[in-house]
Every structure is written in structure tokens, then in C-alpha cells.
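A.B. asks: I'll drop the sequence and a predicted model, then ask my questions.
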Amino acid sequence: GSPGGEDQAAAGTIPEKDDPALLKKLVDGRRLWFDELSGAVRSAAVPGPYISAGGLAGLAGEIAAGSTAASLDGEPAAVVPGGGIAFGSAFHDIMEQVELENPAPGRLAGLADRTAGHWGIGDSGELIRLVRATLEHPLIARARQARLLLRELPFIYELDDLLVEGIIDLLFQEGEGLVIVDYKTDLVTPDELERRWAGYRRQGMVYALAMAGITGLPVREISFLFVREGLVKSLLNPDLAALREALRKT
């Protein structure tokens with residue numbers, strides 16, 4: 001090439017005469033840049049590795065117990081009239097949309113009928129009964145007074161190199177802290193509840209860890225509302241630092 005051709009190319013100009021070796025170097029450099037850019041775009045478009053909050057809670061249980069623990073995500077509901085996954089999903093859908101204070105009977109019935117139909121439930125009567133009982137519960141009365149209230153809140157939280165995903169049934173703020181509510185529609189006996197409680201507790205603490213990390217606010221309470229019995233079981237001021245350390249060992 002001409003004298004100073006490489007200096008011209010480095011400055012972004014074209015040499016006076018074609019230099020096949022230099023042109024190939026430029027083309028190869030551009031192709032390499034494009035391949036690297038495409039790879040970065042593909043990597044950014046693929047989520048994960050991710051895990052559900054219930055699945056992560058199950059892993060934390062294995063670490064704590066030193067044995068295999070079942071994931072809460074796959075735990076079957078008790079067989080009761082109007083029970084099962086479809087019924088639970090319908091209940092959550094209604095609780096997301098219904099007015100939390102004195103919904104008009106006709107509006108609630110219409111919402112319940114549409115939701116029941118969507119989930120293949122023949123009779124909406126049990127849904128209406130449980131929704132009304134839940135709306136009258138003292139825990140929901142507290143939520144109605146909250147300065148911030150969110151329902152069926154999806155989240156993704158990064159824990160080290162892991163993405164944790166989940167949905168918070170009800171989140172509200174009391175004072176300077178947050179309260180998390182998780183509805184349970186399956187029928188549980190006292191013995192069954194005690195058997196499941198360790199798993200529920202871990203699941204709630206994973207929710208709390210995510211909400212505290214995302215919002216910067218302390219989580220003061222995680223309450224599980226068993227809507228068929230009207231029973232509440234709560235965790236107050238959870239130790240999130242200990243949970244984070246346990247999860248990092250998974």
C-alpha cells in the first residue's frame with residue numbers, strides 16, 4: 001500500500017490504493033464486532049437462571065433439614081368441594097378485582113360467575129361465600145386503611161446470580177413497614193397446618209426478602225390467611241439476613 005496506509009486506516013480513512021490484507025483485516029474486525037454484539041443481545045434476551053419463590057423456599061428447606069423437601073409449587077390441595085387449583089386460581093382472580101369494602105351483591109355475583117366460567121367451575125356460590133368472608137376478616141380491614149395497597153403483585157428479584165420470581169397476593173404498608181398477605185384456599189386441619197408450616201414460613205420469608213430488596217422498606221409481617229377457616233398464621237419482623245445467608249448456601 002501507500003506510505004502511511006496503516007496509519008490512515010487506523011484513523012478511519014481508506015488507503016489511497018487497495019490493500020487486500022488491510023481490507024480483510026477491517027472486514028474481519030467488523031464481523032467479529034457484529035458477532036459479539038449479536039451474542040450480547042441474545043444473552044440479554046434470555047432470562048435466568050430463575051426459580052419460583054416456592055421452589056427457592058424448598059431449596060432452603062433442604063439446606064436447613066439436611067434432606068429433600070418438596071417444593072410448595074407442586075403441593076396438591078386437599079380434596080374438598082370446590083377445591084383444587086382451578087378454584088384457588090378463581091378465588092385469587094376475584095380478590096384481585098373486587099372492591100375491598102362492601103362490594104355490591106350484584107357486582108360480586110357477576111364477577112364470580114364470569115370467573116367461575118373462565119376456570120370451568122360450575123357453581124360460583126362457594127366462591128362468593130369465601131370472598132365475602134375474606135373481605136370481612138380483620139386482616140383485610142387493616143389493608144383497607146393502608147396508605148399503599150397492591151394486589152396480585154408479580155415480582156422478579158435478583159439474589160446473587162439467581163432470578164427469583166413470584167406473585168404477592170396482597171401487599172400493603174402500615175406505618176413505615178410492609179405487610180404481606182398470602183391466601184390459602186385449601187382445607188387444612190390443625191395437624192396438616194403444622195406439617196406444612198415450615199414450608200409456608202420459608203416461602204413467606206422469600207417473599208419478604210424480595211419485597212424488602214425491591215422497595216427498600218422493612219417487612220414487618222407476613223400473614224397466611226386460610227380463607228375456609230378464617231385462620232391467620234403470621235411471621236413478625238422476619239430475620240431476612242439469616243434467610244439470605246441460608247439461600248446463598250443452596
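C.D. replies: Arrived safely. Numbering: from 1, shown residues only.
A.B. asks: going forward, measure contacts and count neighbours with C-alpha atoms only.
C.D. replies: Will do.
A.B. asks: Look up the pLDDT of the spatially most central residue of the chain for me, please.
C.D. replies: Among the residues of the chain, the one closest to the centroid is Gly166, at 1.4 Å (Cα atoms, centre = their mean). On pLDDT, Gly166 comes in at 92.
A.B. asks: Buried residues, the helix or strand hosting it. List them.
C.D. replies: Assigned by DSSP states H and E, Gly166 belongs to strand 162-174. Neighbour counts over strand 162-174 (16 or more other Cα atoms under 10 Å) mark 162-166, 168-174 as buried.
A.B. asks: Please apply the same query to stretch 125-134.
C.D. replies: Under 16+ other Cα under 10 Å, the buried positions of stretch 125-134 are 126-128, 130-132, 134.
A.B. asks: what are the pairing partners of the strand holding Gly166, and which direction each?
C.D. replies: Strand 162-174 pairs in its sheet with strand 50-52 (parallel), strand 148-159 (antiparallel), strand 177-184 (antiparallel), by DSSP bridges.
A.B. asks: For the last one, what is the distance to the chain centroid?
C.D. replies: Just to be clear, that refers to strand 177-184. Centroid separation for strand 177-184 versus its chain: 13 Å, with Cα atoms, centre = their mean, to the nearest Å.
A.B. asks: in it, what's buried?
C.D. replies: Per 16+ other Cα under 10 Å, strand 177-184 contains these buried residues: 178-184.
A.B. asks: returning to what we had before: doesn't Glu158 make contact with the residue nearest to the centre of the chain?
C.D. replies: No: using Cα atoms under 8 Å, Gly166 makes no contact with Glu158, being 12.0 Å away.
A.B. asks: can you map out the helices along this structure?
C.D. replies: Secondary structure of the chain (DSSP state H): helices at 5-10, 20-45, 53-65, 85-97, 105-118, 125-135, 138-144, 190-215, 240-248.
A.B. asks: who's in contact with Leu127?
C.D. replies: 87, 90-91, 112 (Cα atoms under 8 Å, 6 or more residues apart in numbering).
A.B. asks: which of the residues you listed are buried?
C.D. replies: So, by 16+ other Cα under 10 Å, the buried ones in the contacts of Leu127 are 87, 90-91, 112.
A.B. asks: Of the buried residues of strand 162-174, which is the nearest to Ala246?
C.D. replies: Lowest distance from Ala246 to the buried residues of strand 162-174 (Cα to Cα) belongs to Leu162, with 14.1 Å.
A.B. asks: how close does that closest one get to Gly199?
C.D. replies: As judged by Cα to Cα, to the nearest Å, Leu162 and Gly199 stand 20 Å apart.
A.B. asks: Same question for Phe224.
C.D. replies: Using Cα to Cα, Phe224 is found at 12 Å from Gly199.
A.B. asks: Also Val206?
C.D. replies: Separation of Val206 from Gly199 (Cα to Cα): 11 Å.
A.B. asks: Can you give me the neighbour number for the residue nearest to Leu178 when sequence neighbours are not counted?
C.D. replies: For Leu178, ignoring the flanking residues on the chain, the nearest one in space by Cα to Cα, 6 or more residues apart in numbering is Val219 at 4.6 Å. Neighbourhood size, Val219 [other Cα atoms under 10 Å]: 28.
A.B. asks: Would you mind confirming that Val219 is in contact with Ala208?
C.D. replies: Yes: applying Cα under 8 Å, one finds Val219 in contact with Ala208, separated by 6.0 Å.
A.B. asks: Overlap in contacts, these two.
C.D. replies: Counting by Cα under 8 Å, 6+ apart, the contacts common to Val219 and Ala208 are 180, 238.
A.B. asks: remind me which residues of the protein are low pLDDT?
C.D. replies: 1-18, 40-50, 56-83, 249-250 (pLDDT under 70).
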